[in-house]
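Q: whatever this is, show me its structure:
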Amino acid sequence: MQHFIKESRIASPPSTVFEFHESPGALERLIPPWEQVEVVEAPRSLRPGARAVLRTKLGPFRLDWIAEHTEYARDRLFVDRQVKGPFSFWRHRHCFEDDGEGRTILRDEVEYRLPFGALGELVAGRFIRSRIQRTFDYRHEVTRQACEPAASPKGVQL
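A: Next up, the predicted model:
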């Protein structure tokens, strides 16, 4: 099992950052433009049982990625897991913590397993880790720009 964590401080309270993630269109905004991902069905909420259906490309093939929300604590966290998709296993915890000064510590924790076990890790592990890092760097910058009062309005380039 592989683990990935991305943490950033956002100069807004957790309620604001959480509300951004719950807002209509947030999922589409958080997908980097270089990723060939289409939102087929956005979740109606972040509460347990809600699902998102994404369509992505894996080489020449199109692949549906279905994520289901499994945990929800308003202004604190939500968790989704892959039901169907490119990974053997994927669980993503979105955490929103108050830093004690009115800002949010935004933390994304991802546990994942590539298909084909050790062979999959050997062949694609480094590439996938790099792609996950770049994606979450982008997502955190989009969140910062959406939630911080003084954030730059220019486009995100990573």
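Q: quick check: buried residues in the longest helix seen in the chain?
A: Longest helix of the chain, by residue count under DSSP state H: helix 117-147. Within helix 117-147, the residues that count as buried by 16 or more other CB atoms under 10 Å are 121, 128, 132, 135-136, 138-147. In short, each C-beta sits where N, CA and C put it, glycine included.
Q: against residue 104, how distant is the residue lying farthest from the centre of the chain?
A: Note on the chain: the largest C-alpha distance from the chain mean falls to residue 119, namely 25.6 Å (CA atoms, centre = their mean). According to CB to CB, to the nearest Å, residue 119 and residue 104 sit 39 Å apart.
Q: try residue 121
A: 33 Å.
Q: what do you get for residue 97?
A: Distance from residue 97 to residue 104, by CB to CB: 7 Å.
Q: repeat for residue 128
A: 27 Å.
Q: can you list the strands that the lengthiest strand in the chain pairs with?
A: Scanning the chain for the strand with the most residues, using DSSP state E, yields strand 61-73. With DSSP bridges as the test, strand 61-73 is paired with strand 51-58 (antiparallel), strand 77-84 (antiparallel).
Q: return the set of buried residues in the first one.
A: Of the residues in strand 51-58, those buried under the neighbour-count criterion (16+ other CB under 10 Å) are 52, 53, 54, 56.
Q: run the chain-centre distance for it.
A: 13 Å (CA atoms, centre = their mean, to the nearest Å).
Q: follow-up on the earlier one: could you dump the buried residues of strand 51-58 into CSV and include distance to residue 2 and pLDDT?
A: Output for those, formatted as CSV (distance: CB to CB, whole Å; pLDDT from 0 to 100):
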residue, distance to residue 2, pLDDT
52, 22, 98
53, 24, 98
54, 20, 97
56, 19, 92
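Q: can you put those in JSON lines and add distance to residue 72?
A: JSON lines is the format used below for the buried residues of strand 51-58 (distance: CB to CB, whole Å):
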{"residue": "52", "distance to residue 72": "14"}
{"residue": "53", "distance to residue 72": "19"}
{"residue": "54", "distance to residue 72": "20"}
{"residue": "56", "distance to residue 72": "25"}
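Q: residue 36: which of those residues is nearest?
A: Of all the buried residues of strand 51-58, residue 36 sits closest to residue 56, with 6.3 Å by CB to CB.
Q: in the sheet, who's paired with that closest one?
A: residue 37, residue 63.
Q: quick check: it touching residue 87?
A: No: in this structure, residue 56 is not within contact of residue 87 by CB atoms under 8 Å, at 11.4 Å.
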